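Peer 1: please work out how this folds:
(one chain, ligands or ions: 3)
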Amino acid sequence: MTSTVHGVIARGPHRPVELAEILVPDPGPGEALVAVQACGVCHTDLHYRQGAINDDFPFLLGHEAAGVVEAVGPGVSEVAPGDFVILNWRAVCGECRACRRGRPWYCFATHNARQPMTLTDGTPLSPALGIGAFADKTLVAAGQCTKVSAEVPATVAGLLGCGVMAGLGAALNTGAVGRGDSVAVIGCGGVGAAAIAGARLAGACRIVAVDVDERKLLVAKEFGATHTIASSGRTNEEVAEEIRAATGGFGADVVIDAVGLPDTYLQAFYGRDLAGTVVLVGVPNPSARLELPLIDVFGRGGALKSSWYGDCLPSRDFPTLIDLHRQGRLPLDRFVSETIGLGDVEAAFSKMRHGDVLRSVVVL
Ligand SMILES: NC(=O)c1ccc[n+]([C@@H]2O[C@H](COP(=O)([O-])OP(=O)(O)OC[C@H]3O[C@@H](n4cnc5c(N)ncnc54)[C@H](O)[C@@H]3O)[C@@H](O)[C@H]2O)c1
Ligand SMILES: [Zn+2]
Ligand SMILES: [Zn+2]
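Peer 2: Ligands and ions are numbered 1, 2, ... in the order given. Here you go, the predicted model:
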């Protein structure tokens, strides 16, 4: 039997999102039907709705979610109805060349539900990041459900489903920040603030926060930034110079670009110490181009890395991070700026663009 529920749909670039009736099939083999309880509004949803990811409209937005498994299809043993789960958008396959070589966080063939969710006229929907959780219910691959302690509210737990995990993992996994390292984070929204929290958790000694919006720098300090740089109106070279000044004149060991513009990438590249690491976690627009003297790529050494979902392994990282939160060592609740309804997503995009929120979280 198919469920008819409400979901937030993007029908084309530059068109406001709308609430529509959608049809969610019962789970088939390997699938799970999840009653969504909360779903954060991530900047990637806005990228989708602007057509900056791909043109597969209509999208069913929302992908940073927690909820309760309502039903599972044949052959599903990893989760059962009633389980409280965080949804993840990289359910590893275990069989691709990355998985076989013991690097499942790079899995090149991650799983999603096979059956499409549709509009009532049968038009198939493209769920954002294979999730589509701005909806009362969503259909995912069972591997996209990671069971965690139900004692943490869904509004908080769901944040690990995307932006907060991406930021924490950019520092902890991709950047491999260690005790005593210096770290700079460019862009202190949900992802960047989480990267700062991750750097603190890892024992970084200096954490430099960079943002064009000074309100975000106050937030960054709350999450552990030791230095802040207001970068609005500054050249890339000036920002890089300020990062170097805040790190003993050398540059940071790890610089995390949580914006994804050519300018912020250049700030990261030149704000980094010799043999340091740049981590790109912000998602660039497909039209963006980068120009760099190749001799600087060689001469500065180190590593230029991208961070897909913080190189996380949901089954390893979600329960651990939830534990750290419950012990009071990771303030996940501080990312929630407001809770809203399904009909408020477009307004939340506007607040995001104006920098008014860290995370708006839809509660269902
Ligand atoms: N790699 C991943 O797996 C992954 C996961 C989630 C989100 N993302 C991406 O991370 C990026 C950030 O997402 P978010 O949800 O934190 O967004 P957000 O809108 O909450 O935060 C963006 C921050 O960047 C700041 N900013 C904008 N332009 C800037 C500039 N030129 N210099 C310095 N700061 C600038 C803004 O003031 C804001 O504080 C987005 O591109 C999003 O798509 C990537
Ligand atoms: Zn794989
Ligand atoms: Zn996201």
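Peer 1: who in the chain is up against ligand 1?
Peer 2: Listed as neighbours of ligand 1 in the chain under the rule CB under 6 Å from any ligand atom: 42-44, 47, 162-163, 166, 186-192, 210-213, 216, 231, 258-261, 263-264, 281-283, 307-309, 352, 355. In this view, the C-beta of every residue, glycine as well, is placed from N, C-alpha and C.
Peer 1: filter the residues you listed down to just the ones in strands.
Peer 2: Among these, the members found in strands (DSSP state E) are 186, 210-211.
Peer 1: tell me the most packed of those residues, by neighbour count.
Peer 2: Counting neighbours by other CB atoms under 10 Å, V210 comes out on top of these with 34 neighbours.
Peer 1: what residues are up against it?
Peer 2: Contacts for V210 (CB atoms under 8 Å, 6 or more residues apart in numbering) come out as 184-188, 228-229, 231, 239, 242-243, 267.
Peer 1: any idea how far L266 is from whichever residue of the stretch 51-200 of the chain sits closest to ligand 3?
Peer 2: Nearest residue of the stretch 51-200 of the chain to ligand 3, counting by CB to the ion: C162, 3.2 Å away. Computed with CB to CB, to the nearest Å, the distance linking C162 and L266 is 26 Å.
Peer 1: those two: which is more packed in?
Peer 2: Between C162 and L266, counted using other CB under 10 Å, C162 has the larger neighbour count: 32 against 19.
Peer 1: ok, the more buried one touching C42?
Peer 2: Yes - between C162 and C42 there is a contact at 5.0 Å, judged by CB atoms under 8 Å.
Peer 1: now for these two: what residues contact both?
Peer 2: With CB under 8 Å, 6+ apart, C162 and C42 have common neighbours 63-64.
Peer 1: helices of the stretch 151-300 of the chain, start to end?
Peer 2: 154-157, 163-169, 190-201, 214-223, 236-246, 262-270, 294-300 (DSSP state H, counting those that start in this stretch).
Peer 1: redo these as TSV? Include mean pLDDT.
Peer 2: What follows is the helices of the stretch 151-300 of the chain, written out as TSV (pLDDT from 0 to 100):
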stretch	mean pLDDT
helix 154-157	98
helix 163-169	98
helix 190-201	98
helix 214-223	97
helix 236-246	98
helix 262-270	98
helix 294-300	98
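Peer 1: could the ones you listed be laid out in a markdown table, adding distance to C107?
Peer 2: Formatted as a markdown table, these follow (distance: least, CB to CB, whole Å):
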| stretch | distance to C107 |
| --- | --- |
| helix 154-157 | 23 |
| helix 163-169 | 14 |
| helix 190-201 | 21 |
| helix 214-223 | 29 |
| helix 236-246 | 33 |
| helix 262-270 | 25 |
| helix 294-300 | 28 |
